[in-house]
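Asker: Task: produce atomic coordinates for the following.
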Amino acid sequence: MRIASARRLRGTCSVPGDKSISHRAALIASLAEGVSTLENFSTAADCAATLSCLAGVGIRLGQDGTTVRIHGGKLRPPNRPLNCGNSGSTMRMMAGRLASEDFECTLTGDTSLSERPMARIIEPLEMMGARLRSDNGRPPLTIHGSDRLAAIEYESSAPSAQVKTAVLLAGLRAQGRTAIRESVGTRDHTERMLQWFGVALETGSTVTAVNGPARLFAAHLKIPGDFSSAAYFIAAAAMLPASDIEIVGVGLNSTRTQLIDVLRSCGAEIQTVDVREPCNEPVGTIRVRGCTFQHASSNVIEGPKTAALIDELPLLAVVGTQVPGGLVVRDAGELRFKETDRVAATVKNLRAMGARIEEFEDGFSVDGPMRLQGATIQTFGDHRIAMAFSVAALVAEGESEITDAASVAVSFPDFFARLESLVER
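Answerer: Next up is the predicted model:
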């Protein structure tokens, strides 16, 4: 994909259904009594992998465009390994769903997924009574579940909403109170979704608990637009001074929207309006006007802030090149274990565009403001690198070439078409 510099972004658009919520809605609906209807289900390949895995263990489902209907019910042993594709979310959360089933099942994935760590879910699920085999903590992952799981109190070694979800899904079928404690709070989509399906939870800033066995009831919901997808349009519009856009129907869960706070601290004009909460998740319209960035009130992202911004950090590196004083990211070692090493990929590509950036083991420091130059961008098959540097191309001089641009299908299949609909040159 070749992308030239842009003068501004103008217009109104929407984004696909939230990927994180779609995964969880499908998995939780499979546990519920009756037929659940999930509107605006994510078009991401990752979420299609979750549906495929559920079908592989006997869950009946139907799909009409972006509406998915899921018949909750008993699972059956699959006749082949379940392919999670490129989706770590599918593998980690599906493992929690399968832990309470008294049969053996193997979860596999593509080459990238086969390199990602799974020990963080293996430990708590084995503490509950499931048996798991892996390749030294990496996929393929074989789960022999138990219909007599024990409730546990577990302290997660690293903040991870996926680990929390795996433990809670297993805890729904365990005997007694299952609790998970985190050092910092992570996104709470699972808790909100479980409540929507009728489950009573104990929730706090860093502790979540469920009493099992729990009974779930079928539900109807419209999934909000994916904030992590909207982030690319928000940042692009903020960096191009004459921009004026609206993104409608976007999820505004406070555990996901830290990017807005960061951009506002640099002087960006961003409003959220028409906010409502139809399915236990806040949703609304985001309005962005372009600006000339100022020195941020703090140009260091670290600790809990890093955890909240984990999906947007490559994009924020791009933003940092336009901010007086630049931007520093620390405590982001998790980025090295995504679809690719996102720290290394971000540093390599920004240097190719002429940026000054220092690489740390747990993050980076980028100088700003500076004028980027068009370049050939190596995405390493990573959708978030592809989208972040498509935004960089809009503010760079000359034309950039995004290699393996099709990787955006993992989360946002029509990203380029929607971006182009807003661009004015």
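Asker: Where do the strands of the stretch 1-150 of the chain begin and end?
Answerer: Assigned by DSSP state E, counting those that start in this stretch, the strands in the stretch 1-150 of the chain fall at 2-4, 8-14, 35-39, 60-64, 67-71, 82-83, 104-108, 131-135, 138-144.
Asker: Quick one, which of these gets closest to Ala238.
Answerer: Among the strands of the stretch 1-150 of the chain, strand 8-14 comes nearest to Ala238, with 9.4 Å by CB to CB. In this view, the C-beta of every residue, glycine as well, is placed from N, C-alpha and C.
Asker: what comes up buried for the closest one?
Answerer: Going by neighbour count (16 or more other CB atoms under 10 Å), the buried part of strand 8-14 is Arg8, Leu9, Arg10, Gly11, Cys13, Ser14.
Asker: just the strands in the stretch 251-400 of the chain please.
Answerer: Using DSSP E, counting those that start in this stretch, strands in the stretch 251-400 of the chain cover 269-276, 283-289, 300-301, 327-329, 357-360, 363-366, 376-377, 399-402.
Asker: and the fifth one, what does it pack onto?
Answerer: Under the contact criterion of 3 or more CB pairs under 8 Å, 6 or more residues apart in numbering; DSSP states H and E, the helices and strands touching strand 357-360 comprise helix 342-352, strand 363-366.
Asker: Widest-spaced pair of the buried residues of strand 8-14?
Answerer: Taking CB to CB, the two most distant members of those are Arg8 and Ser14; they sit 19.6 Å apart.
Asker: which residues does Phe217 bridge with?
Answerer: Judged by DSSP bridges, the bridge partners of Phe217 are Glu33.
Asker: Take the buried residues of strand 8-14 and write them to TSV, including distance to Arg120 and pLDDT.
Answerer: Listed next are these as TSV, based on distance: CB to CB, whole Å; pLDDT from 0 to 100:
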residue	distance to Arg120	pLDDT
Arg8	43	97
Leu9	38	98
Arg10	43	98
Gly11	42	98
Cys13	36	97
Ser14	34	97
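Asker: Dump the residues you listed to a markdown table, plus distance to Ser114.
Answerer: Below are the buried residues of strand 8-14 laid out as a markdown table (distance: CB to CB, whole Å):
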| residue | distance to Ser114 |
| --- | --- |
| Arg8 | 42 |
| Leu9 | 38 |
| Arg10 | 43 |
| Gly11 | 41 |
| Cys13 | 35 |
| Ser14 | 34 |
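Asker: Name the nearest of those residues relative to Gly96.
Answerer: Taking CB to CB as the measure, Gly96 lies nearest Ser14 of the buried residues of strand 8-14, at 30.9 Å.
Asker: Give me the distance between that closest one and Ile402.
Answerer: Per CB to CB, to the nearest Å, Ser14 is found 23 Å from Ile402.
Asker: where along the stretch 151-300 of the chain do the helices fall?
Answerer: Shown for the stretch 151-300 of the chain, the helices assigned by DSSP state H, counting those that start in this stretch span residues 161-171, 189-196, 227-239, 258-265.
Asker: which parts of the least confident helix or strand in the chain by mean pLDDT are buried?
Answerer: Lowest mean confidence among the helices and strands of the chain (mean pLDDT, DSSP states H and E): helix 304-308, at a mean of 90. Buried residues in helix 304-308, defined by neighbour count with 16+ other CB under 10 Å: Lys305, Thr306, Ala307, Ala308.
Asker: And those residues, which is closest to Phe389?
Answerer: Once CB to CB is applied, the member of these that ends up nearest Phe389 is Thr306, at 20.5 Å.
Asker: Mind checking the helices and strands packed on strand 357-360 for the one nearest to Cys291?
Answerer: strand 363-366 (18.9 Å).
Asker: how far is the closest one from where the chain is centred?
Answerer: 22 Å (CA atoms, centre = their mean, to the nearest Å).
Asker: do stretch 357-366 as well
Answerer: In terms of CA atoms, centre = their mean, the centre of stretch 357-366 is found 22 Å from the chain centre.
Asker: Could you do stretch 139-156 as well?
Answerer: 23 Å.
Asker: List the buried residues for that stretch?
Answerer: Within stretch 139-156, the residues that qualify as buried are 139-146, 149, 151-152, 154, 156, counting by 16+ other CB under 10 Å.
Asker: How far does it stretch from one end to the other?
Answerer: With CA to CA, to the nearest Å applied, stretch 139-156 spans 20 Å between its terminal residues.
Asker: Could you do stretch 288-302 as well?
Answerer: 25 Å.
Asker: again, but for stretch 404-417
Answerer: For stretch 404-417, the first-to-last residue distance is 16 Å (CA to CA).
Asker: any idea of the mean pLDDT in it?
Answerer: Mean per-residue pLDDT for stretch 404-417: 96.
Asker: And for stretch 215-231?
Answerer: Average pLDDT, stretch 215-231: 97.
Asker: Can I get that stretch in CSV, CA atoms only?
Answerer: Only the C-alpha atoms of stretch 215-231 are listed here, as CSV (Å, rounded to 0.1, in the frame of the first residue of the first chain):
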residue,chain,number,x,y,z
ARG,A,215,-25.8,-19.6,35.9
LEU,A,216,-25.8,-17.4,32.8
PHE,A,217,-28.8,-16.3,30.7
ALA,A,218,-28.9,-15.5,27.0
ALA,A,219,-28.6,-11.8,26.1
HIS,A,220,-28.9,-9.3,23.3
LEU,A,221,-26.3,-6.7,22.8
LYS,A,222,-24.9,-4.3,20.2
ILE,A,223,-21.1,-4.2,20.4
PRO,A,224,-19.6,-0.7,20.5
GLY,A,225,-17.1,0.4,17.8
ASP,A,226,-13.5,-0.5,18.6
PHE,A,227,-11.7,2.4,20.3
SER,A,228,-8.3,0.8,19.4
SER,A,229,-9.3,1.0,15.7
ALA,A,230,-10.6,4.6,16.1
ALA,A,231,-7.3,5.6,17.7
